[in-house]
Structures are given as C-alpha cells and as structure tokens.
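Trainee: Here you go, sequence then predicted model.
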Amino acid sequence: MSRHDPEKLYPGFPGTEPSEHIRTIPACAALGMRQRATIGEPVSTSLDAALPAACDAEGRVSRGAALVLADQATAGGVFTTLMRPTPMMTLDLRVDWFGPLPASPISCTIDEVTREGDLALARGRIVSEGKSVGAAVARYLIGSMPGGTPGRMDGRDEILPPSPAASFADYLSADATADGMTMQPRPEHVGAPLPAYHGGVIAGLLEQAGVAAIDPAFRPLDIEIRFLAPALATLPLVARVVPRRTGRRAITLDIDAHQGDPNRPVAIARMLAITDPAGDPVRYDLPRG
C-alpha cells in the first residue's frame, strides 16, 4: 500500500503502510504491534496475544502490555488529524478495565480525537473478539519530543523483531523493592529516540508495581498516569507505591517513578482496585443532541 493507492493512509500517518512506523519503535515491535490507518476505515492498533512477552503468567494478555498498546494506539489516532507526520509526546494516559483481559487477541480502536491547537485528546476502546475489555483516553502535545523540545519525526527505518521474553514481567525486567519496583533498561523499552522509555512501558511498570502491592483479592479497576519529564532509557526506573486509602471493597494507590531523585519524579499515577467480582460489561448508546 502507498499514499497513491485509492485506499491510502491518512496524510499525517508515518510510513508508507500502516504498520511500518510502529515496527521501527522498539517497545512496539517487542510486543508484536500492528496498525490499521486507511482513510475511511477505523484506526486500530493490535498486539500479538500469542507472543509470551505480551502475556502474564496465566497466558492472558498482560494489563501492562495493554497499557503500551493504549498509549501507542491513541497516538495513532492523533496522527490521523495531522497534515504531515509530526512528533508528539504523551502528557497523560488513563485506562479503565472491564474485567480481566483475555488470552485472545486484543486491539485498541480510536473513537474520537479532539484538537485544541497543539493539544489533542484521543479516546478509544480496547476490544477482544468484539467485546470491550477496557477504555482508553490520552492527551498529547503535538510538535514536541519528550522533554518539551521541538522535534521532527526521526529517520528510523529498521524493522525490529518481537521480544523473546517469556512474559511481560520478564520483558520489563523489574525487581521488587521495599516499597515498589526497579526496572533495568533494555533496548526494547525505548519509545522516542532520545533514547527515552516508551510512555506505555513506564505505565506498565507503574501498574505492575501497584498490583504487586495489593491483596490478590482486589482487581485493578483503572489507572491514570501523568508524564512529567522524559525518562532516559539508559538508566534504571524506580517505581514507588504509596497507599492512600484501604477499605473493605476498594483500595486507592499512588505510584511514582524516578531515576535517582525521589523528589523529581518522571511520572505519577493513581490506581483504584476493588473486590467486586468482574461482570459482563454492557454498553449503552445514549441520544446525542
């Protein structure tokens, strides 16, 4: 497929075919991501659910891997609103879970992008076999690389292989600490060519640290991450968990990440977990005025 075909890519989408750009991003290639971005069709990003690096110990798609997916998928939605490929950086990401993730393929389809100058808000659904298993919303700053500096789309063109990791936890390579986790950098954690950790990888670490800190009787309901500064993918990333409220049915945690100075976090997150059993989600479409 090329931009000269009748079914062509959106002009702001990088590459000459939908998955070309995403397969040059180490963190995305590691999880076997693919994209669809043909004008007139849904914009959707998927990961390889058969790849061990994308799964948890039970063989289900890992919530951490789904966070990497949500971050990249919402960025893909923003690309469709641009006149030419332009860099951007994630300001915040929120994902709500509708029960446990499946062992079957999942994708994130973008429903809406709202632009306000160089700010963009993208909303999407995380879907498996036609059923919604989560919802994602993310805000981006267009025209800036991590750190807030002006940038351009880099010239990476090497198609990278998937990760050989035995699980998503093995892919993160994070060790437990007294109050959280520490992740050692790997080339396949990179998103921006600074080199910086992919925003979804940071989110995955914060999510994993939060889940490890709560009673297994609780299930994560949502997580919201705000990215404060670039996290260099040449240094370890330290996640620290601070419980905020622990009740019989709900737990709220704050989690932050830093690279040496706890007083200068690169990202902060809040997670809500509940004991209520997972149900079968039902979507209600309300009238629009």
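Mentor: Good, I have the coordinates. The shown structure was predicted, so the numbers you read here are calculated from the model rather than taken from an experiment.

Trainee: F79: neighbour count?
Mentor: When neighbours are defined as other Cβ atoms under 10 Å, F79 has 28 of them. All C-beta spots, glycine's among them, are computed from the backbone N, C-alpha and C.

Trainee: Doesn't P281 lie inside a helix?
Mentor: No - looking at P281 with DSSP: H, G, I helix; E, B strand; the rest coil, it is coil, so not inside a helix.

Trainee: Does it touch S132 like I think?
Mentor: Yes - contact criterion Cβ atoms under 8 Å: P281 and S132 qualify, at 5.9 Å.

Trainee: More neighbours: the two, which one.
Mentor: Higher neighbour count among P281 and S132: S132, with 16 against 13, using other Cβ under 10 Å.

Trainee: Look up the closest residue to the more buried one, ignoring the ones flanking it.
Mentor: Nearest non-adjacent residue to S132, counting by Cβ to Cβ, 6 or more residues apart in numbering: R125, 5.1 Å away.

Trainee: ok, the helix or strand hosting that neighbour: who's next to it in the sheet?
Mentor: If you go by DSSP states H and E, R125 is part of strand 119-128. Strand 119-128 sits in its sheet next to strand 106-116 (antiparallel), strand 131-142 (antiparallel), going by DSSP bridges.

Trainee: hey, which of those strands is tucked in deepest?
Mentor: Ranked by mean neighbour count, the strands paired with strand 119-128 are led by strand 131-142 with a mean of 20 (mean count of other Cβ atoms under 10 Å).

Trainee: chain center to it, what's the gap?
Mentor: Chain-centre distance of strand 131-142: 9 Å, with Cα atoms, centre = their mean, to the nearest Å.

Trainee: now swap in stretch 126-133 and tell me
Mentor: Worked out by Cα atoms, centre = their mean, stretch 126-133 lies 16 Å from the chain centre.

Trainee: Tell me which stretches of the stretch 151-289 of the chain form helices.
Mentor: 168-172, 199-212 (DSSP state H, counting those that start in this stretch).

Trainee: that older thread, list residues touching both of P281 and S132?
Mentor: By Cβ atoms under 8 Å, 6 or more residues apart in numbering, P281 and S132 have these common neighbours: F98.

Trainee: Let me know whether E224 touches L93 as I believe.
Mentor: Yes - counting by Cβ under 8 Å, L93 is a contact partner of E224 at 7.3 Å.

Trainee: and those two? which has more neighbours close in?
Mentor: The residue with more neighbours, out of E224 and L93 and counting by other Cβ under 10 Å, is L93; that gives 27 against 16.

Trainee: Checking the more buried one next. Helix, strand or coil?
Mentor: Under three-state DSSP, L93 falls in the strand class.
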